[in-house]
Each structure stands twice: as C-alpha cells, then as structure tokens.
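Novice: sequence? don't have it. structure:
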C-alpha cells in the first residue's frame, strides 16, 4: 500500500482508491482526507467516497481518536451537509454540494484504510459537535458517495 501526501490544490484526480492523502487543518478533528476518486471541475473539487483521519475531537460513543473513518451522508440531509462542510473547511475550502442519493457501502479498498471499520457523521460542522457512529465503513448506510468543495 503506497501513500502520497499532497495538498488540495495539487490533488491527483481520477481513481486513486484511497492512495492519496490530503493534509488538513484539523478543523473539527479532521487531520487528513483520502478519497476513492477526485474530479476537478475548474471551480470545484469533487471527492468520491472521502474518508477522514480524526484526531483531537469528541465522539458520541466509544470510538477512538487517531483513526480513519468513512462518512455517512444521510441522503443529503443536515447531517450529511454538516459532515461534508467539516471536510471542506478542514481542507481550507468552502462547501459546494454533496450526494443526495441514498445507498450503502463504500467503493474500493476502504477497509484497508478505515481502522476501526466504522462510518461516522456530525450533526453540525462546529468543532464542539461530536462525531456519531453509523455502522461499519464497508456497509455504511447512506454513505457519502461524493463531497464537493471549492478550489
């Protein structure tokens, strides 16, 4: 498993199957971001099936900091928007949009990276809101199939 660390402005587009690691600011505990695939639209960057490395944050439940997590999107509800917004802010960007379709599971080799094999969301992109468990990453209900941030 080879990893390349980069910034969002130098993001490698196309299918990467989580091998690209983006450095993040730590906003809401998001220290790093990986993605299955990325698309640069010229004005925004779309991350397909993003996962986050959380550290220095709070959880609703018995989960751990310093670990990779998949993301629940809630079919585009407030929880999904807050989660995608937290990802974008951690990358120093603004929220544009996210998936509004419902579906289960994550693409690619996500379980090679998510440890524990969990899916989470936040109900608010404020730093005081906890991350909440939403099942396993591999079968994540209403998973975040994409999150789009400004460039």
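Specialist: The structure has been received and is ready for your questions. Owing to the predicted nature of the structure, the values given are computational and were not obtained by experimental measurement.
Novice: so what's the residue of the chain most remote from its centre closest to, chain neighbours aside?
Specialist: Distance to the chain centre peaks in the chain at residue 42, reaching 21.0 Å (criterion: C-alpha atoms, centre = their mean). Nearest residue to residue 42 in three dimensions, chain neighbours excluded: residue 151, at 7.8 Å (C-beta to C-beta, 6 or more residues apart in numbering). All C-beta atoms are positioned from the backbone trio N, CA, C, and that covers glycine.
Novice: doesn't residue 93 make contact with the one you found?
Specialist: Yes. The pair residue 151 / residue 93 is scored as a contact, 7.1 Å apart, by C-beta atoms under 8 Å.
Novice: Between these two, which is the more surrounded one?
Specialist: residue 93 (18 against 14; other C-beta atoms under 10 Å).
Novice: In three-state terms, how would the spatially closest residue to the more buried one that is not a sequence neighbour be classified?
Specialist: Closest residue to residue 93 apart from its sequence neighbours, by C-beta to C-beta, 6+ apart: residue 149 at 3.9 Å. State at residue 149, reduced to three classes by DSSP: H, G, I helix; E, B strand; the rest coil: strand.
Novice: Kindly state the beta-bridge partners for residue 149.
Specialist: As for beta bridges, residue 149 partners with residue 45, residue 95 under DSSP bridges.
Novice: shouldn't it be in contact with residue 90?
Specialist: No. Taking contacts as C-beta under 8 Å, residue 149 lies outside contact range of residue 90: 9.6 Å.
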